[in-house]
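Chemist: any chance you could fold what I've pasted below:
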Amino acid sequence: MNERTLENAEPSCRCAPDEGNGILNFWRVLRKRWRLIGTITVAAVAGTIVASLFMTNIYQARAVIVPVVAKEGGLSAGAGLSVLASQFGGLPGISTPSSATASEISSLLKSNILREKVIRQYNLMPALFPDRWDAGTGTWKKPRFRPTLTALNEFSLRTKQRRADSPGGGPKTDDGAPDIREALRRLDRMVTIRKDVKENTITISVDSPDPALAAKIAESLLVTLTNYMSSEAKRVASTNRKYLEEQLGSTADPIIKQKTYNMIAQQIETAMMAEVKENFAFKVIDPPLTPDRTVRPKRILMAAVSLVAALLIGIFIAFFREYLEKSQAKRREVCI
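Modeler: Have a look, this model is predicted:
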């Protein structure tokens, strides 16, 4: 019994050192399989670098704006109109405008109304769809589609929409002209609006493979936003002025009349400021410039991530092959 026990104990004694030296076994496998690990790592990093070279470079144009806050001291137009409305017992036909907040400006920049104005006024259709625009002939390329029922239905719907709508911002309206809704979706993927509540700023970012186009769209958004808010302020001021002039004949109180005249003067001043002041609703802190550096793809980061991932995968494969070889060796020993 003792001899058999010793014979059975010998294999466990030989295995104990291997199980206790895990770090040594780890380095032994790495030294044994370093060619495999190196090949996988080099191939993965080289493949990532080559693939990144075929990716389209994306440039980003940025603009930072801050809303204009009404000046302190005295009654603003909105405050004065509110006081006058309370003295009249409520003026249902008058608006009381106030300074636009960052949330309001941000929502306006994200609205399809403003973006459609940008597309149409600055003729951005050919720039948004360069693959479908023939610059040589100045026409849209004929669409190529397979004669399936779905394709025919989509073509019919697009044709009806173009007939119902005005031309979608392109120089000519041909059969291959994109729909304005397609342009809005593409522009939405290019433009990002971020609002900083703490700093009370709005950042407009435009991503495009063409750096000049990115800067043009960012500048167009700012100009269109200024024109839209100025025209809206002038419209509200004109409406308020007409209403106030009508109310002059409805009261004999000289104090209220004097306040009404003051409010009319403020509405005239608001309309004049909206007409001549460049930064009427917001100030441009950082104007958009044509970018000279790409923001995507981040080739260095991609190479670093692929290097780490390839090393981990290579080590896993090396230990897996080591495990398979040991399992096969044990099977052969058992058979012998």
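Chemist: sec struct for residue 288, please.
Modeler: coil (DSSP: H, G, I helix; E, B strand; the rest coil).
Chemist: next, find the distance separating it from residue 199.
Modeler: 18 Å (Cβ to Cβ, to the nearest Å). Any C-beta I mention is one placed from the backbone N, CA and C, and that applies to glycine too.
Chemist: what do you get for residue 286?
Modeler: Distance from residue 286 to residue 199, by Cβ to Cβ: 12 Å.
Chemist: try residue 210
Modeler: Where residue 199 is concerned, residue 210 sits at a distance of 30 Å (Cβ to Cβ).
Chemist: between these two, which one's more packed in?
Modeler: Higher neighbour count among residue 210 and residue 199: residue 210, with 15 against 12, using other Cβ atoms under 10 Å.
Chemist: identify the residues contacting the more buried one.
Modeler: Shown in contact with residue 210 (Cβ atoms under 8 Å, 6 or more residues apart in numbering): 59, 127.
Chemist: residues of the helix or strand residue 26 falls within that come out buried?
Modeler: For residue 26, the enclosing helix or strand under DSSP states H and E is helix 22-32. Buried residues in helix 22-32, counted by 16 or more other Cβ atoms under 10 Å: residue 29.
Chemist: in which helix or strand does the closest residue to residue 247 other than its chain neighbours reside?
Modeler: Nearest residue to residue 247, sequence neighbours excluded (Cβ to Cβ, 6 or more residues apart in numbering): residue 260, at 6.2 Å. Per DSSP H and E: residue 260 is located in helix 254-276.
Chemist: if you count neighbours, what's buried in that helix?
Modeler: Residues 256, 259-260, 263-264, 266-267, 270-271, 274 are the ones in helix 254-276 that count as buried (16+ other Cβ under 10 Å).
Chemist: need those residues in CSV with pLDDT, can you?
Modeler: Below are the buried residues of helix 254-276 laid out as CSV (pLDDT from 0 to 100):
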residue, pLDDT
256, 79
259, 82
260, 77
263, 81
264, 79
266, 79
267, 77
270, 72
271, 72
274, 65
